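>>> From the sequence below, what's the structure:
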Amino acid sequence: MSLPIKKQVSIIKPLFLILTCVFGASVTTVNAQDAIDKEDNKHLFQSEDIFNLEYVSEARVSPNGKDVAYVRRSNDIMTDSTRSNIWLVSVDGKTHRPLLSSKKNYYSPRWSPDGTRLAYLSNEEGKPQLYIRWMDTGQTALVTNVTSSLSNITWSPDGKSIAFTMSVDADEKPLKVEMPKKPKGAKWSEKFQYITKARYQADGRGVLEPAYTHIFIVPAYGGTARQLTSGNYHHKGSFSFTPDGERIYFSANRSENWEYEPVEADIFTVDMQGSIEQITQFAGAETSPVVSPDGKRVAYSRRSDEKVMYKNTYLYVMNADGSEHKNLTQDIDNSVSNAIWKDNKNLYFQQSVRGLAQVDLVSLSGKVKNIAKGLGGTTLGRPYVFANYHAADGVVAYTKGRTDRPADLFVTARKTKQLTQLNEDVLGHKTLGEVKEIVYKSAIDGEEIQGWYILPPNYDSSKKYPLILEIHGGPNLAYGPVFTAELQRMAAEGYVVFYDNHRGSTGYGERFALLLQGKYSSEYDFSDHMSGIDALIEKGIVDEEQLYITGGSAGGIASAYAIGLTNRFNAAVVAKPVINWLSKVLTADSGLYQIPFQFPGKPWDNVEHYWKRSPLSLVGNVTTPTMLITGVDDKRTPMSETEQFYQALKLQKVDTVLVKVPGSSHGIAAKPSRMIGKVENILAWFKKYSPKAAKEESGQIGTN
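Okay, here's the model as predicted:
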């Protein structure tokens, strides 16, 4: 098979680079270590600082609009874990105090309809349970004693009950096997494990035992939780009571073929006796129903079932009986989510636009008004566009950070106010890398690409710096100008760190998100990245002889593919990649979705297409020293993918090392020490292949 590009410097190398080589550059170049040798490292962002970072992950406005309960997440250096506590702050900012704060976890705060009580989840007594706190006295009560984890806790309108979702084990045995009786005191091997489901594993959970998610209801003052939904189906996601508390609207796929329909769901109701009625039956997914305050209408999210990797999700409204459906956001070319009724005629919702999230308000006539912009900052490691908001009584509370701070709590009513400053003690005295936007054209077809680059602290414009390209996952996700511990750590070591929202990223409309349909990874997204690098070289910021590449998940795929198309990078770190699509879709937990929505057909019928998109098809071109890093328990991009690439690179005699992260699933940076370990391994590998290290190894310069 012929390859699109072999040992190329780039798809198109701009004329300015050739001229630079001929006439020389007027600025000096530096190695990453040289850029920081003269700095006082205490004033730069260090790996241990990650343990001290905090951020707001969730906010809930009280029914009277006077207070906000929020979840404050912090890292524990002694247990290597992230802790969630619940704090309370007044909307005017005059009072700020902990509600539930200890070494245990407290999360998912939910106000009772009258605002006198706060329901929440906690592992205070071991397995997560539902608790209630009385706001006037501070007394708390344990409400449930269940064996599975709860989620989606929702108060009934009268405040007498709380509904939630929970997994229920199913007694499904494929065979009746007669084993001999085990003698008393005998120790036999573990019983055989039977797998019968099409989706039999999940990242972070491993092999799935037969179980189904159902809706339960429990008295708010404690008692026995009662299961409302029935059947061997999953009733997942958020749900909503009718004002009289007699019915619950929820979303589910109750088709017998549900395992093979990953984007199919309808809206149903269930009454307090467990009687289920179907409300919608469109092709695609109708999810997240929210009943209006007067009970006359239901808002919900809707996505078509078109077999492509991405489709916009729209906000619809219908009558409570399922009639007269209307798309309220048909003029918005992005996915919207998290609908909340402001009153009976207007709804809040959330969307991401060009690297940041925002909250908007839409009327039943479809008129849209922006309420808050710049949301983000709820992921510490990499700069993903993730945010959270809640609204009540005209007050909107949301998570919003900056390029130099993780998410704090903000509110918007008549004016906008910042209510927390959680990281001044850690970052207030630090010199962080400045984040700058860059917009450029991709050389392959002129498509506009938005990106950002982080300058090293105390950047000197008279110098050129080494560059790290960091590629986001998804690929239907997006980065933005928000705080990123991993990339700031790289910048602190003297690198310019570049990241972009290549074609396929979200927040730029459906057309842009679908530009990678059947083309991930390929020379197209490769060009998006390389054109950005060339633009930074043209600016005189980057030393073209010191380029490095890394990325995780879909970014790992792109990194592995890129080094099969070019030898411009000094070194690469490929994290949790897909290397061989023919094997990946049959061994990972996501194949049931990817095969029909991202490929033209099944792998054995489309071998050439699957192979062309696989980085393994280009491994014969690779000369770039490459580190591979993946979680041992990864079910999303299984370790077998990484091992294939490792063995192939060894056969090619490319310098490579395989780093396995014990006990880790796909999120290898989920624990603070693992985030540190990930970024420090990347930096060590790139340092090993810096020009300075090469000269030291050859004896051209001393090592002092």
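
>>> distance of the nearest residue to Tyr646 once chain neighbours are set aside from Val263?
Leaving out its chain neighbours, the residue that sits closest to Tyr646 by CB to CB, 6 or more residues apart in numbering is Leu658, at 4.5 Å. C-beta coordinates here come from the backbone N, C-alpha and C atoms, glycine included. Leu658 sits 35 Å away from Val263, going by CB to CB, to the nearest Å.

>>> rewinding a little: count of neighbours near the residue nearest to Tyr646?
For Leu658, the neighbour count with other CB atoms under 10 Å is 17.

>>> Report the beta-bridge partner residues of it.
Beta-bridge pairing of Leu658 under DSSP bridges involves Leu628.

>>> ok, now which ones touch it?
By CB atoms under 8 Å, 6 or more residues apart in numbering, Leu658 lies in contact with Leu628, Ile629, Thr642, Glu643, Tyr646.

>>> Please verify my assumption that the second one contacts Glu680.
What that stands for is Ile629. No - counting by CB atoms under 8 Å, Ile629 sits too far from Glu680 to count as a contact (11.3 Å).

>>> who's more crowded, these two?
Ile629 (25 against 13).

>>> OK, contacts around that one?
Per CB under 8 Å, 6+ apart, neighbours of Ile629: Val573, Val574, Ala575, Lys576, Thr642, Leu658, Val659, Lys660, Val661, Ile668, Lys678, Asn681.

>>> For those, which single residue is the most surrounded?
Val574 (31 neighbours).

>>> host element of it?
Per DSSP states H and E, Val574 falls inside strand 571-575.

>>> neighbouring strands for the helix or strand containing Phe349, and are they parallel or not?
Following DSSP H and E, one finds Phe349 within strand 346-353. The strands beside strand 346-353 in its sheet (DSSP bridges) come out as strand 336-341 (antiparallel), strand 356-363 (antiparallel).

>>> Contacts for it next, please.
290, 299, 315, 317, 328-329, 332, 334-342, 357-364, 371, 375, 385, 387, 389, 391, 396, 478, 480, 506-507.

>>> buried subset of those?
Buried subset of the contacts of strand 346-353 (neighbour count, 16 or more other CB atoms under 10 Å): 290, 299, 315, 317, 328-329, 332, 334-336, 338-342, 357-362, 371, 375, 385, 387, 389, 391, 396, 478, 480, 506-507.

>>> Can you redo the contacts of Ile629 as JSON lines, where the extra columns are pLDDT?
Shown next, in JSON lines, are those (pLDDT from 0 to 100):
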{"residue": "Val573", "pLDDT": "98"}
{"residue": "Val574", "pLDDT": "98"}
{"residue": "Ala575", "pLDDT": "98"}
{"residue": "Lys576", "pLDDT": "98"}
{"residue": "Thr642", "pLDDT": "98"}
{"residue": "Leu658", "pLDDT": "98"}
{"residue": "Val659", "pLDDT": "98"}
{"residue": "Lys660", "pLDDT": "98"}
{"residue": "Val661", "pLDDT": "97"}
{"residue": "Ile668", "pLDDT": "95"}
{"residue": "Lys678", "pLDDT": "98"}
{"residue": "Asn681", "pLDDT": "98"}
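
>>> I'd like to know which of those is nearest to Arg60.
Ile668 (30.9 Å; CB to CB).

>>> Tell me how far the closest one lies from Asp203.
The gap separating Ile668 from Asp203 is 11 Å, by CB to CB.

>>> Mutual contacts of the two, please.
Asp634.

>>> Settle this for me: Met135 is touching Thr116, isn't it.
Yes - using CB under 8 Å, Met135 is in contact with Thr116, at 5.8 Å.

>>> And the two? Which one has more around it.
Neighbour totals were compared for Met135 and Thr116, and Met135 leads with 17 against 13 (other CB under 10 Å).

>>> ok, the more buried one to Ile86 distance?
For Met135 relative to Ile86 (CB to CB), the value is 12 Å.

>>> what is in contact with these two at once?
Common neighbours of Met135 and Ile86 (CB under 8 Å, 6+ apart) are Leu118.

>>> Adjacent strands (with direction) for the strand holding Val574?
On the basis of DSSP bridges, the sheet neighbours of strand 571-575 come out as strand 542-552 (parallel), strand 626-631 (parallel).

>>> Just the CA coordinates for it, please, in PDB.
Listed next in PDB are the C-alpha coordinates belonging to strand 571-575 (Å, rounded to 0.1, in the frame of the first residue of the first chain):
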ATOM      1  CA  ALA A 571      10.800  12.800  20.400                       C
ATOM      2  CA  ALA A 572       7.200  11.700  21.000                       C
ATOM      3  CA  VAL A 573       5.100  10.500  24.000                       C
ATOM      4  CA  VAL A 574       2.100   8.500  22.800                       C
ATOM      5  CA  ALA A 575      -0.400   8.100  25.700                       C
END
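
>>> Any idea what Glu470 is bridged to?
Under the criterion used (DSSP bridges), Glu470 bridges to Thr550.

>>> and it, how many residues sit next to it?
Glu470, neighbours per other CB under 10 Å, totals 28.

>>> Distance check, it against Gln598.
23 Å.

>>> Equivalent analysis for Arg247, please.
38 Å.

>>> ok, Thr587 touching Pro638?
Yes - with contact defined as CB under 8 Å, Thr587 reaches Pro638; the gap is 5.1 Å.

>>> of the two, who's got more company?
More crowded of Thr587 and Pro638, by other CB under 10 Å: Pro638, with 23 against 15.

>>> residues in contact with that one?
So Pro638 contacts Lys584, Thr587, Ala588 (CB under 8 Å, 6+ apart).

>>> Could you tell me how far the last one is located from Ser553?
Between Ala588 and Ser553 the distance, using CB to CB, works out to 11 Å.

>>> Could you pull out the residues contacting both of these two?
The contact sets of Ala588 and Ser553 overlap at Arg636, Thr637 (CB under 8 Å, 6+ apart).

>>> Looking at those two, which is more packed in?
Neighbours per residue (other CB under 10 Å) separate Ala588 from Ser553, with Ser553 holding more: 24 against 21.

>>> so how far is Asp500 from the more buried one?
The value you get for Ser553 to Asp500, if CB to CB is used, is 16 Å.

>>> Then Val679?
For Val679 relative to Asp500 (CB to CB), the value is 19 Å.

>>> which one of the two has more residues nearby?
Asp500 (27 against 23).

>>> residues near Ala320, how many?
17.

>>> Now do the same contact list for it.
So Ala320 contacts Thr242, Val291, Gly295, Lys296, Arg297, Val298 (CB under 8 Å, 6+ apart).

>>> Ok, Val679 next?
Per CB under 8 Å, 6+ apart, neighbours of Val679: Ser47, Ala485, Glu486, Arg489, Met490.

>>> Those residues into a markdown table, with extra columns for neighbour count, pLDDT and secondary structure?
Putting the contacts of Val679 into a markdown table (neighbours: other CB atoms under 10 Å; pLDDT from 0 to 100; DSSP: H, G, I helix; E, B strand; the rest coil) gives the following:
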| residue | neighbour count | pLDDT | secondary structure |
| --- | --- | --- | --- |
| Ser47 | 18 | 95 | helix |
| Ala485 | 23 | 97 | helix |
| Glu486 | 22 | 98 | helix |
| Arg489 | 26 | 98 | helix |
| Met490 | 27 | 98 | helix |
